[in-house]
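*Asks:* One predicted model, sequence on top.
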Amino acid sequence: MSATAQELGRSATLWELLSRRAALTPDAPALLQAAESARHDRRLTFGGLLARAERTAAGLHRLGIGPGSRVAWQLPTRIDTVVLSLALARLGAVQSPLIPSYRDREVAHALRAAHIGYLVHPGTWRGFDHAAMAHRIAAGLPAPPRLLDCGAALPEGDPATLPPPPEEGTAVRWIYWTSGTTSEPKGVLHTDRGLIAAGACLAAALRPGPDDVGSIAFPYAHVGGPDYTVMLMLRGFPAMLLEHFALPGSLAAYRRHGVTIAGGSTAFYALFLAEQRKDPARPLLPALRLMAGGGAPKPPALYHEVVRELGCRLAHGYGMTEVPMITMGAPDDTPENLATTEGRPPEGMEIRITDPEGTPLPRGAEGEVRLRGEAVCAGYLDPAHTAEAFDADGFLRTGDLGRRTPTGHLVLTGRTKDIIIRKGENISATEVEQLLYTHPAVRDAAVIGLPDPIAGESVCAVVEQAPDAPPLSLDAVTAHLRARGLAVHKLPERLELVTALPRNAALRKVLKYRLRERYGGPVERGTA
């Protein structure tokens, strides 16, 4: 990271970081809003972002929002959303971003659990009436929040009326919600300093420059939103914002804005790759030099396909709602490390690999990944969840399994809940999934364990195929896995074909609990 970025990274609060960036490069572009046509695109400089956020903070303050006020917002990925979030940071409010696809159950749960005093919604967006939902939910709460419709414009006021900005960044001012790969989200507590530390990790690994153009094509309400915004402010380059990501429709915006860094998650890589394959001779995104993201482990085969066919580098990382950035691949890492690991942790992120009792294991041994550092969340809304998640040494239990390589890179091997125990033998779902991905008829795959009265658990492969691929059979799948060297006891006993795996709305993680609910019936045995 450059000396300037390192200095900015020591900012105590997000507002201080924005103020310092705006003073350094006030006229440099910060946010590029992509619309359906070029004439409706918008842009905002760092200086303009600071000024607009300050005016919005004054407007919010006039409505009674100040230090400690609890404000939930459910807005799409647009410039006004970033402005609102930074305005709340200027006021020292406690903000709780909500993914736009959340509906009554999730939104009501968040408002009730976090004791929200204000709810900001977009009115009607993409055909859904968020205003009606907000009123419906508020009517059923004992202490309903004040509702603010910011679909058309944000409130503004005179910055001279504002109280002083917050000076310390270690207070909890953010409540994020686990992304929904389990049945009920948990409120995750973050501080400004924690989010700055996470964004600094991303910036240090990717090392973008002022000539780069990034992209935020995922919901800004995801914890990756401030993570990416911190990187923009540290390195002084812009990002294109997309309210709704869909291919091939979004490609014109990527080309128009000359996006050089794209990505979001493993699913995004695969989507771009599928588009490139429609016309292999023509570069899909001529300006693209790097794909980067996280959210879910990537098959090594996917790395090599992206590099070869899209003609760019691919740097993948590891993060979660509780720790937005844990490790990140660097573009100058070796191809082997980029393909098979999640990168290395930054300075200040401690990774401990332990056995189930929490005893540290030597480098190279597989165990549970536990984390300690400034980027780790401050806990959960529910103190019982906090007590359960952190060990006696203050390390967060991630529930992920992995090992460290001799170079310090992290290899994720699965989830503790993704270990299938069949006849007393442990089977890593991730290992089977990565081998399934190498079959030419497989677009994506999820492997789950299902109850079995004899074996304890059986192995079920749920495969998403391309629309034009011939249907796979269980025998064909197991033959492919045998040829790839998979042990016989790990072979799937059941195959389910789907047109699309169920995913969450943020980074398109596969919702395995839904698959377990759907396929939890009797097992149809195969040839394993």
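*Replies:* Ah, there it is. Computed from a predicted structure; not experimentally measured.
*Asks:* Was I right to think Lys512 contacts Ile448?
*Replies:* Yes - with contact defined as C-beta atoms under 8 Å, Lys512 and Ile448 form a contacting pair (5.5 Å). Any C-beta I mention is one placed from the backbone N, CA and C, and that applies to glycine too.
*Asks:* More neighbours: these two, which one.
*Replies:* Ile448 (25 against 21; other C-beta atoms under 10 Å).
*Asks:* So for the helix or strand containing that one, what gets flagged as buried?
*Replies:* Using DSSP states H and E, Ile448 sits in strand 442-452. Under the neighbour-count criterion of 16 or more other C-beta atoms under 10 Å, strand 442-452 has Val442, Arg443, Asp444, Ala445, Ala446, Val447, Ile448, Gly449, Leu450, Asp452 buried.
*Asks:* Repeat that for stretch 283-293.
*Replies:* Those would be Leu284, Leu285, Ala287, Leu288, Leu290, Met291, Ala292, Gly293, for stretch 283-293 by 16+ other C-beta under 10 Å.
*Asks:* Please verify my assumption that the fourth one contacts Gly258.
*Replies:* No - under the criterion of C-beta under 8 Å, Leu288 is not in contact with Gly258, lying 9.2 Å apart.
*Asks:* and of the buried residues of strand 442-452, the nearest to Val172?
*Replies:* Val172 has its nearest neighbour among those in Ala446, at 34.4 Å by C-beta to C-beta.
*Asks:* which SSE is Leu338 in?
*Replies:* Using DSSP H and E, Leu338 falls in helix 335-340.
*Asks:* Residues contacting that helix, please?
*Replies:* Helix 335-340 is contacted by residues 300, 303-304, 307, 313-316, 329, 343, 405, 407, 409, 411 when judged by C-beta atoms under 8 Å, 6 or more residues apart in numbering.
*Asks:* Helix or strand next in line after it, which one?
*Replies:* Taking DSSP H and E, what comes next after helix 335-340 is strand 350-354.
*Asks:* Just checking: what are the partner strands of the following helix or strand past that next one?
*Replies:* Remark: after strand 350-354, the chain's next helix or strand is strand 367-372, criterion DSSP H and E. Under the criterion DSSP bridges, strand 367-372 sits next to strand 350-354 (antiparallel), strand 396-404 (antiparallel) in its sheet.
*Asks:* right, and the helix or strand after the longest one?
*Replies:* Once strand 396-404 ends, the next helix or strand along the chain (criterion: DSSP H and E) is strand 410-415.
*Asks:* Could you pull up the contacting residues of Ala466?
*Replies:* Ala466 neighbours (C-beta under 8 Å, 6+ apart): Ala274, Ala441, Arg443.
*Asks:* contacting residues for the closest residue to Ala253 other than its chain neighbours?
*Replies:* The spatial neighbour of Ala253 that comes closest, neighbours along the chain excluded (C-beta to C-beta, 6 or more residues apart in numbering), is Ala34 at 3.6 Å. Ala34 sits next to Asp41, Met240, Leu241, Leu242, Ser250, Ala253, Arg256, His257 when contact means C-beta under 8 Å, 6+ apart.
*Asks:* same check, this time on Pro155
*Replies:* Pro155 is in contact with Thr56, Gly59, Leu60, Arg62, Leu63, Leu148, counting by C-beta under 8 Å, 6+ apart.
*Asks:* Identify whichever of the strands paired with strand 367-372 lies nearest to Asp104.
*Replies:* Using C-beta to C-beta, the strands paired with strand 367-372 put strand 396-404 closest to Asp104, at 28.3 Å.
*Asks:* Can I get the closest one in CSV, CA atoms only?
*Replies:* The C-alpha coordinates for strand 396-404 follow below in CSV (Å, rounded to 0.1, in the frame of the first residue of the first chain):
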residue,chain,number,x,y,z
LEU,A,396,-13.9,-15.9,16.6
ARG,A,397,-15.0,-19.4,15.7
THR,A,398,-15.8,-19.2,12.0
GLY,A,399,-17.1,-22.7,11.5
ASP,A,400,-14.9,-22.9,8.4
LEU,A,401,-12.3,-25.7,8.0
GLY,A,402,-8.9,-25.0,6.5
ARG,A,403,-5.1,-25.2,6.7
ARG,A,404,-2.1,-22.8,6.2
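*Asks:* chain center to that strand: distance?
*Replies:* Relative to the chain's own centre, strand 396-404 is displaced by 17 Å; criterion: C-alpha atoms, centre = their mean, to the nearest Å.
*Asks:* Mind jotting down where the strands sit in the stretch 101-250 of the chain?
*Replies:* 118-121, 124-125, 128-129, 146-149, 172-177, 187-191, 214-216, 239-241 (DSSP state E, counting those that start in this stretch).
*Asks:* what do you get for the stretch 251-400 of the chain?
*Replies:* 261-265, 290-294, 313-320, 323-328, 350-354, 367-372, 379-380, 396-404.
*Asks:* and the first one, what does it pack onto?
*Replies:* For strand 261-265, the helices and strands in contact under the criterion 3 or more C-beta pairs under 8 Å, 6 or more residues apart in numbering; DSSP states H and E are strand 214-216, helix 266-276, strand 290-294.
*Asks:* Okay, now the unreliable bits of the stretch 51-200 of the chain?
*Replies:* 179-184 (pLDDT under 70).
*Asks:* Please read off the pLDDT at Gly526 from the model.
*Replies:* Looking at Gly526, its pLDDT is 36.
*Asks:* Longest helix in this structure, by number of residues?
*Replies:* helix 46-62 (DSSP state H).
*Asks:* What's the first helix or strand after that helix?
*Replies:* That would be, after helix 46-62 and using DSSP H and E, strand 70-73.
*Asks:* give the contact list for Ala267.
*Replies:* Counting by C-beta under 8 Å, 6+ apart, Ala267 has contacts Gly295, Ala296, Asp444, Arg503, Leu507, Arg508, Lys509.
*Asks:* out of the strands of the stretch 101-250 of the chain, which comes closest to Arg482?
*Replies:* strand 214-216 (40.6 Å).
*Asks:* How far away from the center of its chain is the closest one?
*Replies:* 13 Å.
*Asks:* which parts of it are buried?
*Replies:* Gly214, Ser215, Ile216.
*Asks:* is it possible to export these to TSV including pLDDT?
*Replies:* Formatted as TSV, these follow (pLDDT from 0 to 100):
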residue	pLDDT
Gly214	98
Ser215	97
Ile216	96
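*Asks:* Can I have the buried ones of the contacts of Pro155 as a PyMOL selection?
*Replies:* Those of these that count as buried under 16+ other C-beta under 10 Å are selected in PyMOL with:
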select buried, resi 56+59+60+148
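*Asks:* Return the member of the contacts of Pro155 nearest to Pro471.
*Replies:* Leu148 (50.2 Å).
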